[in-house]
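Peer 1: Give me the fold of what follows.
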Amino acid sequence: MHVFHQADAVARASRHPLLVSHRNPDGDTLGGMLAFGGYLDAIGKEHTRFCADRPGPGYAFLPGIERVISDFDEAQRREPDAVFVFDAGDLKHAVMEEFVRAFPTKPSVVNFDHHASNTRYGDVNVLITDAASTTEVVHRFLSGIGARINRDMATCILTGLCTDTSNFSNPATSASALRLGAELLAAGGKFSDIQRHLVKNKSVGILRLWGIALERLRYNNTHQMATTALTIKDFEDCGVDEESTEGISNFLAAVLDAPTIMVLREAPGGLVRGSLRTVEERDVSKLAVALGGGGHKKAAGFTVRGRLAEVDGTWKII
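Peer 2: Predicted coordinates:
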């Protein structure tokens, strides 16, 4: 049985599927989860949509986002017997490791992703590494089983595609991604909503923060890498939250003459998150994996414990 039909069989056989996006959700993980949720609605399958972190207000336009819950206890009370995870390299990234262990009988796990660093943790792994986004993987799944894609699903899938290709401008922009984008527009995908809510949405505070990131740009000749850093104080001074950094890495990769980009930012709880991008024939996912993260060759990320400090003109994690 093809992996698409295996995943569909798990969904149809389950009493109550749980759909999960990774923490600190972006447009790809949310778009994949919501598009799949739209398919379950179409076949009359009751299900729960879960994300450990509440999606930011910028994603309020996504059809079905109001049904996403972030309460572990509530999700467990619904006694899901199958877990579908979208765009997460492992269960830990989805904050599902302990959740899955908590059940007397282990639920079936279906893993939708496009990252080569994915650990194949699912009982069924719908992993397509040449896809530009996880939503493209979900689209191939839906097409493969003959499911109808309505305009709401098209908008969700297109959101993930725009997110991971930086609006069809970064190296993930393949011929299949462009063809899919056209197909989704023809199906009623609301490209203008995506642009208005996720691209043309920068406040003065956000742009001030981006200005700090630009001022701190440094280039390391040895590693051929441009880096910048943002502290929690920077966020506080600009009156913005961590989501305000979304897009900085992709923007720098698009305009900066540097083989590799790394953006470091402090996060609550004594954490530092790193975002890596490259336009060269490098595999930044190897560095991300070595630091406990993941991703794919051209775009990856990691989270480590520590804080940022400027030492002799260079920002370091200490």
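Peer 1: Show me which residues of the helix or strand that contains Gly31 are buried.
Peer 2: In this assignment (DSSP states H and E), Gly31 forms part of helix 27-42. Buried residues in helix 27-42, counted by 16 or more other C-beta atoms under 10 Å: 27-41. C-beta: built from backbone N, CA, C; applies to glycine.
Peer 1: For burial, what's the neighbour tally of the closest residue to His16 other than its chain neighbours?
Peer 2: The shortest distance from His16 to any non-neighbouring residue, by C-beta to C-beta, 6 or more residues apart in numbering, is to Pro80 (5.0 Å). When neighbours are defined as other C-beta atoms under 10 Å, Pro80 has 24 of them.
Peer 1: ranges for the strands of the stretch 101-250 of the chain?
Peer 2: Using DSSP state E, counting those that start in this stretch, the strands found in the stretch 101-250 of the chain span residues 108-113, 124-127, 218-220, 225-230.
Peer 1: Can you give the strand pairings for the first one, parallel or anti for each?
Peer 2: Which is strand 108-113. strand 82-86 (parallel), strand 124-127 (parallel) (DSSP bridges).
Peer 1: The shortest one too?
Peer 2: Strand 218-220 sits in its sheet next to strand 225-230 (antiparallel), going by DSSP bridges.
Peer 1: Please point out which parts of stretch 126-135 sit buried.
Peer 2: Val126, Leu127, Ile128, Ala131, Ala132, Ser133, Thr134, Thr135.
Peer 1: follow-up on the earlier one: confidence-wise, which of the strands of the stretch 101-250 of the chain is weakest overall?
Peer 2: Note on the strands of the stretch 101-250 of the chain: strand 218-220 shows the lowest mean pLDDT, a mean of 92.
Peer 1: Can you name the residues in contact with stretch 43-51?
Peer 2: With C-beta atoms under 8 Å, 6 or more residues apart in numbering as the test, stretch 43-51 has contacts from 11-12, 14, 16-23, 25, 29-30, 33-34, 37, 40, 64, 67-70, 75, 78, 80.
Peer 1: what is the rounded mean pLDDT of stretch 292-299?
Peer 2: In the prediction, stretch 292-299 has an average pLDDT of 82.
Peer 1: What residues of that stretch count as buried?
Peer 2: Result for stretch 292-299 [16+ other C-beta under 10 Å]: buried residues Gly293, Gly294, Gly295, His296, Lys297, Lys298, Ala299.
Peer 1: So the nearest residue to the second one once chain neighbours are set aside: helix, strand or coil?
Peer 2: Nearest-residue entry for Gly294: Gly89, 3.5 Å, with adjacent residues in sequence omitted and distances by C-beta to C-beta, 6+ apart. When classified by DSSP: H, G, I helix; E, B strand; the rest coil, Gly89 comes out as coil.
Peer 1: tell me the contacts of Gly89?
Peer 2: Asp113, His115, Ser117, Asn118, Thr119, Gly293, Gly294, Gly295.
Peer 1: Report the two of the residues you listed separated the most.
Peer 2: Across the contacts of Gly89, the longest distance by C-beta to C-beta is 14.0 Å; it joins Asp113 and Gly293.
Peer 1: Can you report how many residues neighbour His93?
Peer 2: 24.
Peer 1: all helices of this protein, in order?
Peer 2: 3-13, 27-42, 72-77, 97-101, 134-144, 151-165, 175-186, 191-198, 204-215, 232-238, 248-255, 284-290 (DSSP state H).
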